[in-house]
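Novice: Okay, structure incoming, though there's no sequence with it:
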């Protein structure tokens, strides 16, 4: 099967939170009591075990000024081409589906939580009801079994969310980017190459950080060889010291006796 | 504004205590193995005690790790995979293998001491023949390498996450390993004194080894404080747990006490004091690193940073 992706075109997002609601409905995720945050019109603030899709509200410029603008982004698991959570999972519960999504098998996960700090986007969450890790599934039950789009994409009224074959979506993103730039707007594609290509990638109108995305996300496991090398080098040093210490004493004692 | 990173909710009373006990199990085994292979019969009380401590500590470790799981009865899932780039996967295997070797080594020494002939363990008496024919030192070498991994992988596990506090220090693995060794010498010393073999530590080269490792540790503790992001350890509760508990009480003070006795014999009381200080430092090292990493992305300051955009 072809690699499937989702394009998030932030330029046409109107912040309706329809995707957030559709996700809750389809995945039977309960409401959370967020309280009043005072951050723009967004009380959700972040992804969690009960919120797999979140529309972030960013206000730029002074209210009542002409330069004021909203920057919305519909955020979810990026289903990374090289996924830290998948690499670290010690039980094999995290797997890649045949269309390229990264999913967590709830029957295999044992809740060790190593995938949670392995995610550079703050996606994977601990479900306190089951004790297991969970996150967006890219609706693989809909896309791979039923031949439909993810629930959030179906609900999106402005086509800010588009689902399809990755190559076609990349071409679409480039087309949109060129049009925006021609009209004097800033437009960047985020997630084309990052972490082996994100299966949920973005057309952004500002720096990634403005949208709560890291500008240069790294695969945590890239550091594994380096970290082991330092540890091994140090342990050779320490081991030698211990060996010399015990040998010297034995030799010293043998000299005394001899 | 960066991403709102999530933290693993690893309670310190399971995970930091496991890091500490796993380090002691591995460190004691390593020291016992090295003393067995490179020392002589006079080192045997140390070898014996090291192996017994390793066995007791390694029995508690998997219990803590299992209780920490969201679904404890699925702990065995860890041993269905073997992933080279996943420290937690390799660590699970290393702990499993290390536990096996620690068990065999301890049994060998029990048989050697004739402990299987009497009392509660006499049920194991038929084993004493086969046990004494096992290649003790070869087992100690393999077990020692597993132990080395067990003592160090926990630091590697933290420094290969997306958490900026942990992944900015690639020396966490070696830091945990050194602190495991100094804490193991502390436990072994306490038991040696308790069992009447205090002379092995009060007047010995073993103590110089302790001093040297603490000297190494002070650099790693300083690096932890002064590397990018380490400044967090100078604030809040971490000033008490890390600066006071680890740097001053756990490393600097023992270093001064030991250095003051170079070439001289040390009283039992003084060795015990140093041992207790080192153990306090060893625990708070792991506690501080674990909790500070969690607070770095979820604490009040991090939330405020997020809210202010």
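Specialist: Sure, I can see it. A quick note: this is a predicted structure, and the numbers were derived from the prediction, not measured. Residues are numbered from 1 along each chain as shown, chains lettered A, B, ... in the order given.
Novice: And the pLDDT for the residue nearest to residue B:46 when sequence neighbours are not counted?
Specialist: The spatial neighbour of residue B:46 that comes closest, neighbours along the chain excluded (C-beta to C-beta, 6 or more residues apart in numbering or on different chains), is residue B:35 at 5.1 Å. Heads up, the C-betas are built off the backbone N, CA and C, glycines and all. pLDDT, residue B:35: 92.
Novice: Kindly report the same for the one 5 residues further on.
Specialist: At residue B:40 the predicted local distance difference test score is 87.
Novice: For the stretch 1-150 of chain B, which residue gets nearest to chain A?
Specialist: Using C-beta to the nearest C-beta, the closest approach of the stretch 1-150 of chain B to chain A is made by residue B:70 at 1.9 Å.
Novice: Tell me how many other residues crowd the residue lying closest to that residue once chain neighbours are set aside.
Specialist: Leaving aside its chain neighbours, residue B:70 sits nearest to residue A:111 (1.9 Å; criterion: C-beta to C-beta, 6+ apart). Residues near residue A:111, counting by other C-beta atoms under 10 Å in any protein chain shown, number 19.
Novice: Kindly provide the distance from residue A:111 to residue A:105.
Specialist: The gap separating residue A:111 from residue A:105 is 13 Å, by C-beta to C-beta, to the nearest Å.
Novice: Flag the shaky bits of chain A, pLDDT-wise.
Specialist: Applying pLDDT under 70 to chain A picks out residues A:253, A:256-258.
Novice: Domain boundaries for it, per the record?
Specialist: For chain A, automatic domain parsing gives the domain ranges A:4-216, A:221-257.
Novice: mind putting those in TSV, distance to residue B:209 included?
Specialist: Shown next, in TSV, are the domains of chain A (distance: least, C-beta to C-beta, whole Å):
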stretch	distance to residue B:209
domain A:4-216	34
domain A:221-257	4
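Novice: right, so the ones you listed: which one is the most enclosed?
Specialist: Sort the domains of chain A by mean neighbour count, taking mean count of other C-beta atoms under 10 Å in any protein chain shown, and domain A:4-216 sits at the top with a mean of 19.
Novice: And that one, how far out from the chain middle?
Specialist: 7 Å (C-alpha atoms, centre = their mean, to the nearest Å).
Novice: That one: end-to-end distance?
Specialist: 23 Å (C-alpha to C-alpha, to the nearest Å).
Novice: try stretch A:103-112
Specialist: Its start and end residues considered, stretch A:103-112 measures 16 Å (C-alpha to C-alpha).
Novice: Can you pull the phi and psi angles for the residue of chain A found nearest chain B?
Specialist: Relative to chain B, the nearest point of chain A is residue A:111 (1.9 Å; C-beta to the nearest C-beta). Main-chain torsions, residue A:111, degrees, to the nearest 10: phi 80, psi 40.
Novice: Tell me which residues touch it, please.
Specialist: A:126, A:130, A:131, A:132, A:133, B:69, B:70, B:71, B:74 (C-beta atoms under 8 Å, 6 or more residues apart in numbering or on different chains).
Novice: and the residues you listed, which of them are in strands?
Specialist: A:126, A:132, A:133 (DSSP state E).
Novice: what subset of these is also close to chain B?
Specialist: A:126, A:132, A:133 (C-beta under 8 Å from any C-beta of the partner chain).
Novice: looking at the sheet around the first one, what are its partners?
Specialist: Meaning residue A:126. According to DSSP bridges, the partner residues bridging residue A:126 are residue A:133.
Novice: need the contact list for it.
Specialist: Contacts of residue A:126 (C-beta under 8 Å, 6+ apart): A:49, A:111, A:113, A:116, A:132, A:133, B:6, B:8, B:9, B:70.
Novice: Contact residues of the stretch 151-300 of chain B facing chain A?
Specialist: So the stretch 151-300 of chain B meets chain A at B:152, B:155-157, B:159-163, B:166-167, B:170-174, B:177-178, B:181, B:204-206, B:208-209, B:212-213, B:216, B:293, B:297 (C-beta under 8 Å from any C-beta).
Novice: Figure out the helix or strand that residue 201 lives in.
Specialist: With no chain named, the answer covers chain A. strand A:200-204 (DSSP states H and E).
Novice: Hmm, no, I was thinking of chain B.
Specialist: Using DSSP H and E, residue B:201 falls in helix B:199-202.
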